[in-house]
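Novice: 3D, please:
(one chain, ligands or ions: 2)
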Amino acid sequence: MEKRVSALVLIPLLAVMVRMDPSSATSESKANFEDQFNIMWSEDHFKTSEDGQVWYLSLDKETGCGFQTKQRYRFGWFSMKLKLVGGDSAGVVTAYYMCSENGAGPERDEVDIEFLGNRSGQPYLIQTNVYKNGTGNREMRHMLWFDPTKDFHTYSILWNNQQLVFFVDKVPIRVCKNNGKPNNFFPNEKPMYLFSSIWNADDWATRGGLEKTDWKKAPFVSSYKDFSFDGCQWVDPYPKCVSTTTDNWWDQYDAWHLSDSQKKDYAWVQRNLVIYDYCKDTERFPTLPEECSLSPWD
Ligand SMILES: *[C@@H]1O[C@H](CO)[C@@H](O)[C@H](O)[C@H]1NC(C)=O
Ligand SMILES: *[C@@H]1O[C@H](CO)[C@@H](O)[C@H](O)[C@H]1NC(C)=O
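Specialist: Ligands and ions are numbered 1, 2, ... in the order given. Predicted coordinates for the structure are as follows:
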């Protein structure tokens, strides 16, 4: 029995290791932007590099900008490299998220990564949130261990029916577990598009809205490149990969739990970088939400 288990474990582990090495991510997109994405709003605030591989979104007093995938996905690995607005970016939010709808519908599922800008030289925060059927309120905020405005870093989401993990480079910063039952907290039914956008939120984003955007510094530009996904692409009424999900590495044993080295990294993040965790906020939630009792270590 023991032998059998270890063999079963090893094969997907290799697959995961190969997959998470970006140099071997076969699905990494060198395709044209237009093949994969649509611009959601303000085409004139969108630019690409000459070779088309880097995408720039800009925000000025008039408007921000956003793009989304043409396809929807249900489960998989989704990754993008971002370099955020440098200098004084108070009130500017750069977002990278997945959502089951094009708008903020009352029954949407959503998985958010938002970068909250700051005054010059002060640290950016990364805020994450998870919505199921229109309800979020599951914020976490982390500091980063590098300046995200200096270089491109990779931000990824691993999503399967057991867990949802947010990665910064290769470090898991947040783990959301499913409980294997129908519930109101784990998005696992609706396929989602992937979105990127920049907008102004100086009513809340920086020091709770105290720091306003300095429009003299506009335009604010965030850069994106190397979108890659390895997941189940949706087709109506449903794709084959939905009923055979465990055939795929992202929905196998090794993708259902953090590995030992990921657990070490995750523990380091928990100790050093968490600024806010809704699961610890007993003032806001006298009875903590059900999912807060699920252990990320399992
Ligand atoms: C989703 O939310 C709507 C209200 O916005 C509610 O009517 C519906 O029952 C919910 N669905 C589930 C599966 O909980
Ligand atoms: C901005 O910098 C200040 C001062 O270092 C810090 O308190 C705050 O958390 C930072 N981030 C945001 C988004 O307010």
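Novice: so which bits of the stretch 1-150 of the chain are right by ligand 2?
Specialist: 116, 118, 122-123, 125 (C-beta under 6 Å from any ligand atom). C-beta: built from backbone N, CA, C; applies to glycine.
Novice: run the last query once more with 8 Å
Specialist: 90, 116-119, 122-125, 141, 143 (C-beta under 8 Å from any ligand atom).
Novice: include neighbour count and secondary structure when you put these into JSON lines, please.
Specialist: Output for these, formatted as JSON lines (neighbours: other C-beta atoms under 10 Å; DSSP: H, G, I helix; E, B strand; the rest coil):
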{"residue": "A90", "neighbour count": "21", "secondary structure": "coil"}
{"residue": "L116", "neighbour count": "23", "secondary structure": "strand"}
{"residue": "G117", "neighbour count": "30", "secondary structure": "coil"}
{"residue": "N118", "neighbour count": "22", "secondary structure": "coil"}
{"residue": "R119", "neighbour count": "14", "secondary structure": "coil"}
{"residue": "Q122", "neighbour count": "14", "secondary structure": "coil"}
{"residue": "P123", "neighbour count": "12", "secondary structure": "coil"}
{"residue": "Y124", "neighbour count": "21", "secondary structure": "coil"}
{"residue": "L125", "neighbour count": "19", "secondary structure": "strand"}
{"residue": "R141", "neighbour count": "17", "secondary structure": "strand"}
{"residue": "M143", "neighbour count": "13", "secondary structure": "strand"}
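Novice: residues near the residue in the chain positioned nearest to ligand 1, how many?
Specialist: When scored by C-beta to the nearest ligand atom, the chain has N133 as its residue closest to ligand 1, at 3.8 Å. Using other C-beta atoms under 10 Å, the number of residues around N133 comes to 15.
Novice: state the distance from the residue nearest to it when sequence neighbours are not counted to ligand 2.
Specialist: Nearest non-adjacent residue to N133, counting by C-beta to C-beta, 6 or more residues apart in numbering: E107, 5.1 Å away. Applying C-beta to the nearest ligand atom, to the nearest Å, the value for E107 to ligand 2 is 30 Å.
Novice: wait, E107 sits on K132?
Specialist: No: at 9.3 Å, E107 does not count as touching K132 under the criterion of C-beta atoms under 8 Å.
Novice: neighbour count winner among the two?
Specialist: K132 (22 against 12).
Novice: near ligand 1, which residues of this structure show up?
Specialist: 106-107, 133-135, 182, 184.
Novice: need the max-distance pair from those.
Specialist: Spatial extent of the residues of the chain next to ligand 1 (C-beta to C-beta) is set by the pair P106 and P182 at 19.1 Å.
Novice: following the lowest-mean-pLDDT helix or strand in the chain, which helix or strand comes up?
Specialist: In the chain, the helix or strand scored least confidently by mean pLDDT, DSSP states H and E is helix 2-20, which has a mean of 41. As assigned by DSSP states H and E, the chain's next helix or strand after helix 2-20 is helix 33-36.
Novice: could I get the buried residue list for that following helix?
Specialist: 33, 36 (16 or more other C-beta atoms under 10 Å).
Novice: average pLDDT for it, rounded please.
Specialist: What helix 33-36 shows for mean pLDDT is 88.
Novice: which neighbours in the sheet does the helix or strand that it is followed by have, and how are they oriented?
Specialist: For helix 33-36, the following helix or strand on the C-terminal side (DSSP H and E) is strand 37-41. The pairing partners recorded for strand 37-41 under DSSP bridges are strand 65-69 (antiparallel).
Novice: centre of the chain to the strand it pairs with, how far?
Specialist: 14 Å (C-alpha atoms, centre = their mean, to the nearest Å).
Novice: likewise stretch 54-65?
Specialist: With C-alpha atoms, centre = their mean, you get 20 Å for stretch 54-65.
Novice: run through who's touching it.
Specialist: For stretch 54-65, contacts defined as C-beta atoms under 8 Å, 6 or more residues apart in numbering pick out 33, 39-42, 45-49, 66-67, 85, 92, 94, 196-200, 215, 218-225.
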